[in-house]
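Q: Attaching a predicted model along with its sequence, questions to come.
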Amino acid sequence: MYSYSDFDAAFVRARVGEFRDQVARRLDGRLSEEEFKPLRLMNGLYLQLHAYMLRVAIPYGTLNARQMRQLAYIADRWDKGYGHFTTRQNVQFNWPRLMDVPDMLDALADVGMHAIQTSGNCIRNVTADHFAGAAADEIADPRPVAELLRQWSTDHPEFQFLPRKFKIAVTGSPNDRAVTRAHDIGLRMVLRDGQPGFEVVVGGGLGRTPMIGKVLAEYVPEDDLLPYLEAILAVYNQHGRRDNKYKARIKILVHEEGLDSLRDRVAAEFLHRKAQFAGVPPAIAGRIADGFRPPAFRPGPVPEVRDPVLRAFIDSNVTAHRRDDHAIVTVSLKGIGATPGDATAEQMRVLAGLAETYSHDELRISHEQNIILPHVRRADLAAVHGALHKAGLATANAGLISDIIACPGMDYCALATARSIPVAQAIGQAFADLDAQRNIGPLKIKISGCINACGHHHVGHIGILGLEKAGVESYQITLGGDGTENAAIGERLGPGFAHDEIVPAVERLIGAYLDLRLGADETFLMTCRRLGAAPFRAAVYGEGRRNAA
Ligand code: HEM
Ligand code: SF4
């Protein structure tokens, strides 16, 4: 796994020292909250409904056991004993005291982690396919490129004050698990004449104006990637709107200016940037390449699985690895009634131990708010499952109806208009029976507590958006969204539902699907695509209209 260079380590440590001084000045009143705000945001510290919130980056979602244990230590020592894994491969601590934050950042620096550029109008944590380096369907591991982008974007002097935040995601597989089309820039590895390069998608984003990214370049060779991205960022920096923060993302520039015009500007800027670009220094490129060499896999048998409980777990939570004798294990953080994405310190320690024993010291955070053990020998699956079961982490629901993404909503977030976590919990409880979930099949429900769409509701097969109407929560349903390579924004079904009506509405949707599907092989999304929203609308509002607001 890649580890910090001496330069990285010194940079991060110096930044903690600076912030310690800023916090001291805030605590003794020399800095007002207004003066302090831009300083804390440069270090991932938000002020939320009840407390500060510290957002820590997990670049391309990769962690080792030592780092996971340190997150557990931080959760126990300075927070309430848990952390919240987010849809952008960050971990958030919801209850830190301001005076403790510099110590938390020092503890992170001890294990090569930080909270820099996890907020503010800069290039945020670069995310990647959580199965990177392990997936059977991958062209190549996209993380060396993601790491290069991390180094390039961190403290990049030109791009610290962009019109708005900027999110980049990378995938090395044709099956997009990184939601690249809902990012400001999505990079999808493609081969041309046997050479890997990237399709560059631009202007995707969710929030109040959801848009699916468009292809700006079909193929950019790896060697040209940095100057090409610099060109996009430079054009955006110059031409993105700064007069209205709701129109400031690059998606609005693409929309208002048109893709062709943007492409021309980027092409002109690229020539200029490329002429000045001497290439990635070989020492840096070599260090990165070394950091992502595949682990020393030990061949093993592929045992036949007879235990039905293990079989069910494998069916939902295990994915094909590039090696037949290995597997990728998804550990669901969506136990029935759990808060999506939360892990207790004890669970983090269990996962760290499992990573060391069974997964070459590697863990991943998925944008679906689960944790991945990427390199488990098939022969060890029974042991891993047994250990997960003991820790309450063996819920066999990955990709099923109770594997719900939800943002923090009204329980934590200052911008929320409705609760989202309790809705996720209630849906999980309504569909607790795993056999029923398996019968329903692959289904992605995503819930946001306001139009900012942190819970990705626009790309949920069923999306739920919590709003406030005349002082009460009202939940709007969207249907048919998709965050994969066939990305689509869901269609709004109709009027919203009160809090206690949203679960029955979802139950009616599922009932309609089970009636309408051609067979068990036709997934919920396939049925939506075949029939459109109309029959679902009829099912949901037929008997529910009385209560629809
Ligand atoms: C609790 C504090 C949070 C605040 C104040 C916050 C704020 C926002 C805002 C204002 C936007 C809309 C930005 C725009 O459209 O320009 C946004 C988008 C987003 N946030 Fe959050 N967020 C928070 C937590 C989270 C969490 C916990 C997650 C993951 C679970 C998350 C993931 C995202 C994603 C994926 C988007 C949409 C993608 C996009 O930027 O277009 N955020 N957030
Ligand atoms: S979607 Fe809204 S409520 Fe949910 S975390 Fe984002 S800003 Fe907060």
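A: On my side now, so go ahead. Keep in mind that this is a model prediction, so the values were computed, not measured. Residues are numbered from 1 along each chain as shown. Ligands and ions are numbered 1, 2, ... in the order given.
Q: which residues sit in contact with the closest residue to residue 123 other than its chain neighbours?
A: Leaving aside its sequence neighbours, residue 123 sits nearest to residue 153 (C-beta to C-beta, 6 or more residues apart in numbering; 3.8 Å). To be clear about C-beta, it is placed using only N, CA and C from the backbone, and glycine gets the same treatment. Contacts for residue 153 (C-beta atoms under 8 Å, 6 or more residues apart in numbering) come out as 117, 122, 123, 126, 159, 168.
Q: Look up how far ligand 1 lies from the fourth one.
A: To tie it back to what came earlier, the one meant is residue 126. Distance, residue 126 to ligand 1, using C-beta to the nearest ligand atom, to the nearest Å: 14 Å.
Q: how much space between that residue and ligand 2?
A: 20 Å.
Q: ok, that residue touching residue 59?
A: Yes - with contact defined as C-beta atoms under 8 Å, residue 126 counts as touching residue 59 (6.2 Å).
Q: Now for these two: what residues contact both?
A: With C-beta under 8 Å, 6+ apart, residue 126 and residue 59 have common neighbours 146, 150.
Q: Counting neighbours, go ahead and name the busier of these two.
A: residue 126 (31 against 23; other C-beta atoms under 10 Å).
Q: and the more buried one, what is it in contact with?
A: 59, 60, 146, 149, 150, 153, 168, 169, 170.
Q: out of these, which touch ligand 2?
A: Subset of those in contact with ligand 2: empty, counting by C-beta under 6 Å from any ligand atom.
Q: when you check those residues against the helices, which ones overlap?
A: 146, 149, 150, 153 (DSSP state H).
Q: which one among those residues gets closest to ligand 2?
A: Distance to ligand 2, by C-beta to the nearest ligand atom, is smallest for residue 153 among the ones in helices among the contacts of residue 126, at 22.5 Å.
Q: Going along the chain, name the strands of the stretch 251-400 of the chain.
A: Applying DSSP state E, counting those that start in this stretch to the stretch 251-400 of the chain gives strands spanning 318-320, 326-331, 342-344, 363-365, 371-377.
Q: Now render the ones you listed as TSV, adding mean neighbour count and distance to residue 184.
A: What follows is the strands of the stretch 251-400 of the chain, written out as TSV (neighbours: other C-beta atoms under 10 Å; distance: least, C-beta to C-beta, whole Å):
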stretch	mean neighbour count	distance to residue 184
strand 318-320	19	28
strand 326-331	25	27
strand 342-344	22	28
strand 363-365	26	20
strand 371-377	26	25
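Q: need the residues of this structure near ligand 2, please.
A: Neighbours of ligand 2 within the chain, by C-beta under 6 Å from any ligand atom: 407-409, 413, 415-416, 448-450, 452-455.
Q: residues in contact with residue 123?
A: 117, 149, 153, 156, 159, 162, 166, 167, 168, 233.
Q: Could you measure from the fourth one over to ligand 1?
A: It refers to residue 156. Distance from residue 156 to ligand 1, by C-beta to the nearest ligand atom: 19 Å.
Q: ok now do that residue, which residues does it touch?
A: 122, 123.
Q: try it again with 10 Å
A: Shown in contact with residue 156 (C-beta atoms under 10 Å, 6 or more residues apart in numbering): 117, 122, 123, 230, 233.
Q: Which pair of these spans the longest distance?
A: Largest separation among these by C-beta to C-beta: 117 and 230, giving 16.5 Å.
Q: Among the ones in helices among the contacts of residue 126, which one sits closest to residue 110?
A: For the ones in helices among the contacts of residue 126, the closest approach to residue 110 (C-beta to C-beta) belongs to residue 150, at 19.0 Å.
Q: Isn't the closest one up against residue 125?
A: Yes - with contact defined as C-beta atoms under 10 Å, residue 150 reaches residue 125; the gap is 7.9 Å.
Q: between these two, which one's more packed in?
A: The neighbour count for residue 150 versus residue 125, taken as other C-beta under 10 Å, is higher for residue 125 (26 against 21).
Q: Grab the nearest non-local neighbour of that one.
A: Nearest to residue 125 is residue 57, by C-beta to C-beta, 6+ apart, at 4.0 Å.
Q: Over to residue 197: give its phi and psi.
A: phi -140, psi -160 (degrees, to the nearest 10).
Q: Let me see the ranges of the helices in the stretch 351-500 of the chain.
A: 381-390, 421-430, 434-440 (DSSP state H, counting those that start in this stretch).
Q: Turn those helices into CSV, columns for mean neighbour count.
A: What follows is the helices of the stretch 351-500 of the chain, written out as CSV (neighbours: other C-beta atoms under 10 Å):
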stretch, mean neighbour count
helix 381-390, 17
helix 421-430, 21
helix 434-440, 16
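Q: looking at those helices, which is closest to residue 312?
A: With C-beta to C-beta as the criterion, residue 312 lies closest to helix 434-440 of the helices of the stretch 351-500 of the chain, at 6.9 Å.
Q: ok now do residue 85, which residues does it touch?
A: For residue 85, the contacting residues are 58, 61, 71, 91-92, 333, 340-343, 348, 365-371, by C-beta under 10 Å, 6+ apart.
Q: Please indicate which of those residues are buried?
A: Buried members of the contacts of residue 85, counted by 16 or more other C-beta atoms under 10 Å: 58, 61, 71, 91-92, 333, 340-343, 348, 365-371.
Q: nearest residue to residue 273 other than its sequence neighbours?
A: Nearest to residue 273 is residue 227, by C-beta to C-beta, 6+ apart, at 4.0 Å.
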